[in-house]
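Peer 1: please find the sequence and the predicted model below.
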Amino acid sequence: MNFVVLQFPASNCDQDAVHAIRHLGHSANLLWHKESSLGDVDCVIVPGGFSYGDYLRCGAIARFSPVMQAVKQFADNGGLVLGICNGFQVLTEAGLLPGALIRNRDLQFHCEYIHLKTATTDSPFTSKIPTGKLLRVPIAHGEGCYFADDETLAKLKANNQVLWHYCDADGNVTDAANPNGALQNIAGICNERRNVAGLMPHPERACEPLLGSDDGKWVFKSLFAALQSKVVAQAA
Amino acid sequence: MLASHGLLPHHARNFSWRITPFRMKAKIIITPKKAVLDPQGKTVQSALEHMGYTGVTGVHIGKYIEIDLAPGTDKAAAHKAINDAAHKLLSNPVIEDYKLEIAE
């Protein structure tokens, strides 16, 4: 499988994403944001960081980078796109995912491990996460509070688009386990078509035990499986 | 003003009062939508209350953007263009409202 990881000025989790994917046995390469073509890729990762210094709003300027046109087209054609942290912010700004990420409710930057409860395994991003498995992965953000209006929230729920909620170590989705004030403890969502997803936590920073957790690998394993079945489907 | 900052050639400086261009600016005030959590506003509001300022029922913190426009720009056209930019880039309609004014 061939992954491409976008690189904006001030992306800083791009190398981590490349490392994690290669560590898990697949090919990943960086792509500079000025490129207008993605080339022959199976999946796009929009990485974390502080693209364009978070000027104006997080992700607001990155979404106008030439490469984002190509990403939009790729997504429109059903390609798999995953936005992590700042990448999630970029995808919401670009209108590829609904809602927005705003300032954490306590105005603090949170850099810590949290637990994620997977809301549905019916997506290419969650299909291989074992039933009942909580993901212990890090967060590192100041603007990760998910917001959407009531109508959008109802739609997300009706279409089963929420992929992960923040929870405590026992899997309870409580306000105390919500690090940023996200509505309904939402940590990650996908679009209606289920081929574009974003989450604030960093699965790519938790793919080997040496780093404190390898729970993040389940997100990538889900992607590998989805891409594999796509290849099989195309060959058949 | 341009001349006093040294942005015009020396010979123009003495005559700056004659050639100061007609200035037009777009002023955009961006505020969080009512339904959106505004922790900065809340924090400032409670600080004001602690300081003894009574009667404060809400604080909303947003952004102010000023855009300099070329002299002679058509006001209506500028309003249309900046309005478009405010919608696409300067604000995020999901979480923010804005007010736009073209000032001369």
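Peer 2: That came in fine, so what should we check first?
Peer 1: report the contact partners of residue 102.
Peer 2: All of this refers to chain A. For A:Ile102, the contacting residues are A:143, A:145, A:147, B:32, B:36-37, B:95, by Cβ atoms under 8 Å, 6 or more residues apart in numbering or on different chains. In this view, the C-beta of every residue, glycine as well, is placed from N, C-alpha and C.
Peer 1: that's the wrong chain, I meant chain B
Peer 2: Applying Cβ under 8 Å, 6+ apart, the residues contacting B:Ile102 are B:24-27, B:69, B:75, B:78-79, B:82.
Peer 1: so of these, which two are at opposite extremes in space?
Peer 2: The largest distance within the contacts of B:Ile102, taken as Cβ to Cβ, falls between B:Lys27 and B:Lys75 and amounts to 13.0 Å.
Peer 1: please pull out the lowest mean pLDDT helix or strand from chain B.
Peer 2: In chain B, the helix or strand scored least confidently by mean pLDDT, DSSP states H and E is helix B:10-13, which has a mean of 46.
Peer 1: where does the prediction get shaky in chain B?
Peer 2: Along chain B, the parts satisfying pLDDT under 70 run over B:1-22.
Peer 1: so which residue is smack in the middle of it?
Peer 2: B:Ile65 (3.1 Å; Cα atoms, centre = their mean).
Peer 1: buried among the contacts of B:Ile102? Make that a PyMOL selection.
Peer 2: Applying 16 or more other Cβ atoms under 10 Å in any protein chain shown to the contacts of B:Ile102, the buried members can be selected in PyMOL as follows:
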select buried, chain B and resi 24+26+69+78+82
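Peer 1: from the contacts of B:Ile102, which land in strands?
Peer 2: B:24-27, B:69 (DSSP state E).
Peer 1: thinking again about what came up before, ok, the contacts of A:Ile102 vs A:Lys72, which is closest?
Peer 2: Looking across the contacts of A:Ile102 and measuring by Cβ to Cβ, the closest to A:Lys72 is B:Ile95, at 21.1 Å.
Peer 1: bridged to the residue in chain A positioned nearest to chain B, which residues?
Peer 2: When distances are taken as Cβ to the nearest Cβ, chain A reaches nearest to chain B at A:Ala100, 4.4 Å away. Under the criterion DSSP bridges, A:Ala100 forms beta bridges with A:Phe147.
Peer 1: tell me how many other residues crowd it.
Peer 2: 25 (other Cβ atoms under 10 Å in any protein chain shown).
Peer 1: one more: B:Pro71?
Peer 2: Residues near B:Pro71, counting by other Cβ under 10 Å: 10.
Peer 1: how close does it get to chain A?
Peer 2: Applying Cβ to the nearest Cβ, to the nearest Å, the value for B:Pro71 to chain A is 26 Å.
Peer 1: many thanks, I have nothing further to ask.
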